[in-house]
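Undergrad: sharing a model prediction with you, sequence too.
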Amino acid sequence: MTGSRLFPRLRAASALAAAATLLSCATNPATGRREFMLVSEAQENEMGRAYDPQIVASIGLYPDTALQRYVQELGMRMAAISERPRLNWTFRVLDDPTVNAFAVPGGYIYITRGILAHLDNEAQLAAVLGHEIGHVTARHSASQMSKQQLAQLGMVVGSVASETFAQYADLAGQGLGALFLKYSRDDETQADGLGLRYMRRTRHDIREMPGVFTMLGAVTASAGGEAGKVPAWMMTHPLPEDRFTRISAAITREPQDTVGAVVARAEYQRRLDDVVFGNDPRQGYFVGPRFLHPQMRFELTFPADWATKNEASAVMAASPQKDGAIQLTIAQAPTADSAMRAFVAQQGLQPGTPQRATVNGLSTNSAVFGAVSGSDSLRGAVTFVEHNNTVFQIVGFAPQARWAAHQVTIDRALRSFAVLTDRTALAVQPQRLDIITLDRASSLAELKARRPSPLSVEQLALINQVRTGEVLARGRTVKWVNAGR
């Protein structure tokens, strides 16, 4: 009887294994390798179309049509000579000061204004875009997802063959998903090699690619390992020194026909003129615990000793012991009342009675709530505020055992939302890049003595990819940073 029950399970396992074998026969035209793929090209396209609006909404596009068009056109030229030219290639500049670039399946490539400010020329931009195109053409994301699905497939086979194992399959599969979705060192090396290939095909000077890794290493060194300042590329990529060595060696093996190869330094830098540099205070900034948002004309005061963070989609604060939190977001509702109705309708929430009020001259709707998830219990408070045709959600919460310790502090923060009227704060402007041409040979220190900048000589040297004491020739263009004006 046991054997007869097991037989159909084994047949199911064999069928799954056979399906996996059939799907593993494709050869990737970019890498020349046979690869196992459970994710089809149509699924990649669908994922890209789904991810793109989420990325744009959470980070934001840099509002410079000419710069967006330039990056899109350069990216399309490179994608057109890749092995997958018919994808829905899309290249976007994100309004983010961090040094970063990334790709999602389906040909969606994102590059930040932060990394653009640190690149020296168009050839280096082509190196970054080529690397990200390489991730897509090599199907690295699809490959990692397929490995995840393969691992889960193994769990499914095990579940079919063993009723005892079935109850653990989902949990084990989730753990493997977190493990597999990072690019491997081999993936990154392969993307670098493909980027070099695409640079050569578009006639960009491949000798400029190692300079990108030198810059990334310098940005990392300048951050000193401080959390939040290390370039985001470093979180998922091998050490720049290793990449510099490998790519430099690869370039020496390439034919050295670099006559007429495109660098386009001055042309590239002119496109950066007046681009915002660093954090944009118009999108919100902190003065101590006070958060000011000039563009949306509001302010909110967080607890004085709490750690704070301003991101595109939310402003957050955490207590020193990390046992309490406050988060400010924009509610997707036309009124505070409708936002509250949607909030209290969430599954697992135990809301108190909502209370309408006027706080600092603004209409609000507030409530306390409890929430239970498994063995965890939370207590919290939420306030929805109507201001400037927008509904803001401010929520504070803590574990139930710690709620009493934080309740008064959180309530004070929630009630601090007010219209920003400080004229100085309302008028604040971001730092911007200024592309200047030297009228005489000069070091950056000498130039800074004549032309003030909020950046140090070391920071100016970093974005210009020069040594601090280097004398720059007359007629050279230099990226300068001006104070907000």
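TA: Great, that's in hand.
Undergrad: ok now whichever strand or helix holds Thr220, how far from the chain's centre?
TA: Per DSSP states H and E, Thr220 falls inside helix 209-223. When distances are taken as C-alpha atoms, centre = their mean, to the nearest Å, helix 209-223 is centred 18 Å away from the chain's centroid.
Undergrad: and if you look at stretch 45-63?
TA: 11 Å.
Undergrad: what's it in contact with?
TA: With contact meaning C-beta atoms under 8 Å, 6 or more residues apart in numbering, stretch 45-63 is reached by 68, 87-88, 90, 92-96, 104-108, 110, 113, 275-276, 312-313. All C-beta spots, glycine's among them, are computed from the backbone N, C-alpha and C.
Undergrad: would you map the helices across the stretch 251-400 of the chain?
TA: 265-271, 336-344 (DSSP state H, counting those that start in this stretch).
Undergrad: so which bits of the first one are buried?
TA: Residues of helix 265-271 classed as buried: Tyr268, Gln269, Arg271 (neighbour count, 16 or more other C-beta atoms under 10 Å).
Undergrad: so the second one touches Arg476, yeah?
TA: In this case it means Gln269. No: Gln269 is not in contact with Arg476 according to C-beta atoms under 8 Å; the separation is 10.1 Å.
Undergrad: low pLDDT regions in the stretch 101-250 of the chain?
TA: Residues of the stretch 101-250 of the chain that meet the criterion pLDDT under 70 lie in 142-184, 225-241.
Undergrad: follow-up on the earlier one: buried stuff in the helix holding Thr220?
TA: Within helix 209-223, the residues that count as buried by 16+ other C-beta under 10 Å are Met209, Pro210, Gly211, Val212, Phe213, Met215, Leu216, Gly217, Ala218, Val219, Thr220, Ser222.
Undergrad: chain neighbours aside, what residue packs nearest to the third one?
TA: What sits nearest to Gly211 in space, not counting adjacent residues and going by C-beta to C-beta, 6 or more residues apart in numbering, is Gln124, at 5.9 Å.
Undergrad: quick one: the one you found is in a strand?
TA: No: per DSSP: H, G, I helix; E, B strand; the rest coil, Gln124 lies outside any strand segment and is helix.
Undergrad: which of the helices of the stretch 251-400 of the chain sits closest to Arg450?
TA: Distance to Arg450, taken as C-beta to C-beta, is lowest for helix 265-271 among the helices of the stretch 251-400 of the chain, at 19.9 Å.
Undergrad: would you mind checking the average pLDDT for the closest one?
TA: Helix 265-271 shows a mean pLDDT of 96.
Undergrad: sorry, back to before: TSV for the helices of the stretch 251-400 of the chain, including distance to Ile133?
TA: Below are those laid out as TSV (distance: least, C-beta to C-beta, whole Å):
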stretch	distance to Ile133
helix 265-271	18
helix 336-344	41
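Undergrad: so which of the ones you listed gets nearest Pro255?
TA: Closest to Pro255 of those is helix 265-271 (C-beta to C-beta; 23.2 Å).
Undergrad: picking up where we left off before, so which elements touch the helix holding Thr220?
TA: Here helix 209-223 touches helix 122-137, helix 185-201, helix 240-253, helix 457-464, going by 3 or more C-beta pairs under 8 Å, 6 or more residues apart in numbering; DSSP states H and E.
Undergrad: the very next helix or strand once past the shortest one to helix 457-464, inter-axis angle?
TA: Pointing back at helix 457-464 there. Counting by DSSP H and E, the next helix or strand C-terminal to helix 457-464 is strand 477-482. Angle, strand 477-482 to helix 457-464, by axes from the mean of the first three to the mean of the last three C-alpha atoms, to 10 degrees: 130 degrees.
Undergrad: with distance to His387 as extra columns, can I get the helices and strands packed on helix 209-223 in CSV?
TA: Shown next, in CSV, are those (distance: least, C-beta to C-beta, whole Å):
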stretch, distance to His387
helix 122-137, 39
helix 185-201, 45
helix 240-253, 45
helix 457-464, 36
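Undergrad: neighbours of Ala57, how many?
TA: Using other C-beta atoms under 10 Å, Ala57 has 11 other residues around it.
Undergrad: same question for the one 5 residues further on.
TA: The local packing count at Tyr62 equals 21, with neighbours defined by other C-beta under 10 Å.
Undergrad: cool, and Asn88?
TA: Asn88, neighbours per other C-beta under 10 Å, totals 12.
Undergrad: three-state assignment of it?
TA: Assignment for Asn88 (three-state DSSP): coil.
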